[in-house]
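J.: Sequence first, predicted coordinates after that:
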Amino acid sequence: MELQNEIARDLLNIKAVQIKTDGYFTWTSGIQSPIYCDNRLTMSYPNLRKKITKSFAQKVKELQIKPDVIAGCATAGIPHAAWLASELDIPMIYVRSKPKGHGKGNQIEGLIEKDQKVLVIEDLISTGGSSLETAKVLEEEGIEVVAVFAIFTYGLEKAFERFHNENIALQTITSFDNLLDVLVHDKEITEKERETLLAWRNQL
């Protein structure tokens with residue numbers, strides 16, 4: 001929990017995650033949101049990305065089934081997959097959002113074989129669509145997906161339902177709820193503002 005809160009504070013400090021209590025960001029989908037997340041910024045902060053890698057590595061130790069390969073979701077999951085694979089000293093691949101339009105037309109880049117076990121790394125879970133699509137591509141090749149790990153989740157109920165329905169385990173380092181707890185603890189927002197932000201999330 002200590003490392004989780006530390007990473008949550010780091011994400012806020014570098015503005016990888018921003019929360020407004022008096023305004024809204026506009027997501028690509030058009031949703032008006034009090035929170036905006038850009039975990040690509042973590043690449044530029046060596047100490048933070050080491051903490052993220054350490055947290056992922058700890059979670060791997062707790063898995064009942066250990067991965068043979070680490071897979072990064074294109075594009076933001078790729079660097080974190082690479083750092084984790086290096087930390088664990090195991091192979092890494094990445095999965096394109098769609099097959100390459102030239103050459104061999106690969107969608108999976110790197111070497112992985114049927115019946116191997118893979119851990120998928122994503123930077124952010126909103127509805128879970130991109131990471132579940134990555135898992136589907138791998139499973140269609142006869143590869144077992146042991147779990148999906150991500151840095152952050154908005155905690156949308158529809159995402160949890162989708163992972164449950166696909167029977168794929170999801171773990172994240174931190175979450176919307178965790179960030180709000182940290183902000184309240186640090187007196188950056190009030191308990192009433194926390195409740196308002198949770199109510200916004202829960203109605204999505």
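T.: Yes, it's here.
J.: So which residues of the chain form strands?
T.: Per DSSP state E, the chain has strands spanning 17-19, 25-26, 32-33, 35-37, 69-73, 92-95, 108-109, 117-125, 144-153, 170-175. These are given in chain order.
J.: could I get these as CSV with distance to residue 131?
T.: All C-beta spots, glycine's among them, are computed from the backbone N, C-alpha and C. Putting the strands of the chain into CSV (distance: least, C-beta to C-beta, whole Å) gives the following:
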stretch, distance to residue 131
strand 17-19, 18
strand 25-26, 22
strand 32-33, 20
strand 35-37, 15
strand 69-73, 6
strand 92-95, 10
strand 108-109, 15
strand 117-125, 4
strand 144-153, 5
strand 170-175, 8
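J.: Of all these, which one comes closest to residue 8?
T.: If you check each of those against residue 8 by C-beta to C-beta, strand 170-175 wins as the nearest, at 4.5 Å.
J.: got the contact list for residue 60?
T.: Going by C-beta atoms under 8 Å, 6 or more residues apart in numbering, residue 60 touches 66, 67, 84, 88, 119.
J.: top of the residues you listed by neighbour count?
T.: residue 119 (28 neighbours; other C-beta atoms under 10 Å).
J.: So which residue is smack in the middle of the chain?
T.: Central residue of the chain (C-alpha atoms, centre = their mean): residue 150, 2.2 Å from the mean position.
J.: Quick one: residues contacting that one.
T.: Taking C-beta under 8 Å, 6+ apart as the definition, contacts of residue 150 comprise 77, 121, 122, 123, 124, 125, 131, 170, 171, 172, 173.
J.: repeat for residue 38
T.: Listed by C-beta under 8 Å, 6+ apart, the contact partners of residue 38 are 15, 16, 17.
J.: Surely residue 190 and residue 184 touch.
T.: Yes. Assessed by C-beta atoms under 8 Å, residue 190 is found in contact with residue 184 at 7.4 Å.
J.: buried stuff in the longest helix anywhere in the chain?
T.: Longest helix in the chain, counting residues (DSSP state H): helix 46-62. Across helix 46-62, burial judged by 16 or more other C-beta atoms under 10 Å covers 48, 49, 51, 52, 53, 54, 55, 56, 59, 60.
J.: cool, and stretch 120-133?
T.: 120, 121, 122, 123, 124, 125, 126, 128, 130, 131, 132.
J.: so how far is residue 171 from the fourth one?
T.: Taking C-beta to C-beta, to the nearest Å as the measure, residue 123 falls 14 Å from residue 171.
J.: Likewise for residue 39?
T.: 15 Å.
J.: Looking at those two, which has the bigger crowd around it?
T.: A count of neighbours by other C-beta under 10 Å puts residue 39 above the other of residue 39 and residue 171, at 21 against 17.
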